[in-house]
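Student: predicted coordinates and the sequence they were generated for:
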Amino acid sequence: MRRRLALLLFLLLAAEVSVAGKPASSNDIFSFASNLADRALASREPWMELVSLCDRIGPRFAGTPAYAAAAAWAAERLREDGLAVHTETVQIPLWIRGEERFDLLTPHARTLEAQGLGLSVGTPPEGIEAEVRVVGSFDELAERSSEVKGRIVLFDAPWKGYGQAVSFRSRGPEAAARAGAVGALVRSVTPASLSTPHTGMTHREEGVPTVPAAAVTTEDASAIRRLVEAGIPVRVRMQMGARLLGPVAASTVVGEVCGRERPHEVVLLGCHLDTWDVGPGAQDDGAGCVVVMEAAALVASLPVRPRRTLRVVLFAAEEIGLLGGQAYAEAHAGEAVVAALELDSGAGPVTGLGFDVRDPATGKPDPVELEAVRDRLAPFLPLLEPLGIREVTAGGSGPDVGFLVNAGAVGVGIDQDTAGYWPVHHSAADTPEKVDPAVLAHTTAVTTVVAWILAEMPGPIRTSRGSAPTSRS
């Protein structure tokens, strides 16, 4: 039986709990934090669950049978760990990659390592052939628009961080279409590559012109640029069977431990369960999912429930536009989600803890309230010091929970080293052996203790003027 070997520990802790099911004192209940950390550090459960998810189910693109299998897997695991579980249906478009092939035709013939971008339109069955024009920015595209008509545009910009690089993936095809191009190639959004393309979503809106678009490896992007700069014409064929279907249903999986004193106040632990269709998503976001699932399971195993409700949410359809996160926020708009933590930055070592506090009226950062939150948390930071966390910085949360943070929930971010994340994310290389089980256990320990502090700490997490609307239904 999963985790039942902790029975002796459970009984020892239960001796500290009153007959009424409440802690004998606040000191006793906070002493549970070190126990949670020790159990998380010693557990291989997250690693084994990650292997199970990635190896047995594989890529789990939202709306596919594989995603449905992953949702069923997650729901069953959470039920086994004693959480109350339900699913929430999200209607989403279903993008089908179809058969695809990319070929360099001149100056010599070879296959390009490339992948169509998510939501891209397809090509005619015979494909499209055109000469390539290389640009390094949107400004350069505008300056050279007369050269682009009837060509394939390659956006080849050096890595200067994700925010800059992803703009070409998301908006490049539209910009190329407006300039008269017939197709778009984008340098994979990664600082390092071993001839592995990285897919991802491109923007697609009804009535807005776009063109077939694909990500090429950094190596191929650099080679094409070198040829073009040497004055050697480069011609490419793109063949893409991409199409958009739907809508179809996908499930967001929700499990919770009901709070004993303030069940209407929710501390949310989030991740996204879906991946792209090209790899099993061990770091994006399988690691995040198994960490928050284990954190909730460890809290659920305690002999006393936390003051607030602890809820774990495995969001659907993050990769194709945060659709699960948006639908969840709309469906739960009346709830008091007082804090929301999301793990979606890979499986690297924890580097810090960040908090994002916003004014619900404007959605903008509220530095005054942030300082108030930090002051309230200060007495509990010693619980995190053995795990290497000694201060709270500004910033945090994650993409799916951003809707809740803008509405007044305190956003919580477990900051991680992403050096090993960007080289594999959105690619077939995002596999379990890139994840260190010991680092995964440490991340679980930090997440569990943070979740326990937020769910159990007496008094408000933020002032009433900034709290999300409450509902006692």
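Tutor: Cool, the structure landed.

Student: which residues of the stretch 351-473 of the chain fall in strands?
Tutor: 392-394, 410-416 (DSSP state E, counting those that start in this stretch).

Student: check which helices and strands the shortest one sits against.
Tutor: Other elements packing on strand 392-394 under the criterion 3 or more Cβ pairs under 8 Å, 6 or more residues apart in numbering; DSSP states H and E are strand 350-356, helix 367-377. For every residue, glycine as well, the C-beta is placed using N, CA and C.

Student: mind running it again at 10 Å?
Tutor: Packing partners of strand 392-394 (3 or more Cβ pairs under 10 Å, 6 or more residues apart in numbering; DSSP states H and E): strand 350-356, helix 367-377, strand 410-416.

Student: ok, the longest one next?
Tutor: For strand 410-416, the contact count by 3+ Cβ pairs under 10 Å, 6+ apart identifies strand 262-272, helix 287-300, strand 336-342, strand 350-356, helix 367-377, strand 392-394, helix 402-406, helix 437-456 as packing neighbours.

Student: out of those, which is closest to residue 170?
Tutor: helix 402-406 (16.3 Å; Cβ to Cβ).

Student: using CSV, write out every CA atom in the closest one.
Tutor: Extracted C-alpha coordinates of helix 402-406, given in CSV (Å, rounded to 0.1, in the frame of the first residue of the first chain):
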residue,chain,number,x,y,z
GLY,A,402,-1.9,33.9,-13.2
PHE,A,403,-5.6,34.5,-13.6
LEU,A,404,-6.1,33.8,-9.9
VAL,A,405,-3.2,36.0,-8.9
ASN,A,406,-4.6,38.9,-10.9
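
Student: so how far is it from its chain's centroid?
Tutor: Distance of helix 402-406 from its chain centroid, counting by Cα atoms, centre = their mean, to the nearest Å, is 15 Å.

Student: what helices or strands is that helix leaning on?
Tutor: Counting contacts by 3+ Cβ pairs under 10 Å, 6+ apart, the secondary-structure elements packed against helix 402-406 are strand 262-272, helix 323-331, strand 336-342, strand 350-356, strand 410-416.

Student: where in the stretch 51-200 of the chain is pLDDT low?
Tutor: For the stretch 51-200 of the chain, applying pLDDT under 70 flags no range at all.

Student: strands along that one, start to end?
Tutor: Going by DSSP E, counting those that start in this stretch, the stretch 51-200 of the chain shows strands at 84-96, 100-106, 110-111, 114-116, 128-135, 152-155, 183-187.

Student: how about those in TSV, adding distance to residue 463 and mean neighbour count?
Tutor: Shown next, in TSV, are those (distance: least, Cβ to Cβ, whole Å; neighbours: other Cβ atoms under 10 Å):
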stretch	distance to residue 463	mean neighbour count
strand 84-96	30	17
strand 100-106	53	17
strand 110-111	59	10
strand 114-116	48	26
strand 128-135	49	19
strand 152-155	45	28
strand 183-187	45	29
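
Student: which one of the helices and strands packed on strand 410-416 lies nearest to residue 323?
Tutor: strand 262-272 (10.2 Å).

Student: my guess is residue 46 contacts residue 282, does it?
Tutor: No: at 11.5 Å, residue 46 does not count as touching residue 282 under the criterion of Cβ atoms under 10 Å.

Student: quick one: common contacting residues for the two?
Tutor: Common contact partners of residue 46 and residue 282 (Cβ atoms under 10 Å, 6 or more residues apart in numbering): 290, 347, 435, 440.

Student: contacts only, for the closest residue to residue 45 other than its chain neighbours.
Tutor: Of all residues not flanking residue 45 in the chain, residue 294 sits nearest, at 5.6 Å (Cβ to Cβ, 6 or more residues apart in numbering). Counting by Cβ under 10 Å, 6+ apart, residue 294 touches 3, 39-40, 43, 45-47, 49, 77, 81, 312, 440-441, 443-445, 447-448.

Student: can you tell me how far residue 294 sits from residue 283?
Tutor: To residue 283, residue 294 is 16 Å away according to Cβ to Cβ, to the nearest Å.

Student: which residue lies nearest the spatial centre of the protein?
Tutor: Nearest to the geometric centre of the chain sits residue 344, at 3.4 Å (Cα atoms, centre = their mean).

Student: helix/strand/coil for it?
Tutor: Secondary structure, DSSP: H, G, I helix; E, B strand; the rest coil: residue 344 is coil.

Student: look up how far residue 430 lies from it.
Tutor: Residue 344 is 13 Å from residue 430, by Cβ to Cβ.

Student: quick check: neighbours shared by the two?
Tutor: Common neighbours of residue 344 and residue 430 (Cβ under 10 Å, 6+ apart) are 283-285, 287, 421.

Student: would you format these as CSV with pLDDT included?
Tutor: Listed next are those as CSV, based on pLDDT from 0 to 100:
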residue, pLDDT
283, 98
284, 98
285, 97
287, 98
421, 97
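
Student: with respect to residue 159, which of the residues you listed is nearest?
Tutor: Residue 159 lies nearest to residue 421 out of the shared contacts of residue 344 and residue 430, by Cβ to Cβ, at 13.2 Å.

Student: just list whatever residues bridge to residue 394.
Tutor: Judged by DSSP bridges, the bridge partners of residue 394 are residue 355.

Student: list the contacts of it.
Tutor: Residues near residue 394 by Cβ under 10 Å, 6+ apart: 354-357, 365, 367, 370-371, 374, 413.

Student: give me that answer again for 7 Å
Tutor: 354-355, 370 (Cβ atoms under 7 Å, 6 or more residues apart in numbering).

Student: quick one: which of the residues you listed is most hemmed in?
Tutor: Highest neighbour count within the contacts of residue 394: residue 355, with 24 neighbours (other Cβ atoms under 10 Å).

Student: residues contacting residue 145?
Tutor: residue 179.

Student: can you tell me how far it sits from residue 153?
Tutor: 10 Å.

Student: can you tell me which of the shared contacts of residue 46 and residue 282 is nearest residue 120?
Tutor: residue 347 (28.5 Å).

Student: and the closest one, which of the three is it?
Tutor: coil.

Student: from residue 126, how far off is it?
Tutor: For residue 347 relative to residue 126 (Cβ to Cβ), the value is 42 Å.

Student: again with residue 214
Tutor: Distance check for residue 214 against residue 126: by Cβ to Cβ, it reads 17 Å.

Student: also residue 383?
Tutor: Counting by Cβ to Cβ, the gap from residue 383 to residue 126 is 63 Å.

Student: with residue 56 instead?
Tutor: Distance from residue 56 to residue 126, by Cβ to Cβ: 39 Å.

Student: now swap in residue 429 and tell me
Tutor: 31 Å.

Student: of these two, which one has the most company?
Tutor: residue 429 (19 against 8).

Student: ok, and the closest non-adjacent residue to that one?
Tutor: residue 196 (5.2 Å).

Student: how close does that neighbour sit to residue 171?
Tutor: For residue 196 relative to residue 171 (Cβ to Cβ), the value is 23 Å.

Student: tell me which of these two has more neighbours.
Tutor: residue 196 (22 against 15).

Student: in contact with that one, which residues?
Tutor: Residue 196 touches 217, 427-429, counting by Cβ under 7 Å, 6+ apart.

Student: quick one: furthest residue from the center of this structure?
Tutor: residue 231 (41.8 Å).

Student: surely it is in a helix?
Tutor: No: checked against three-state DSSP, residue 231 lies outside a helix; its state is coil.
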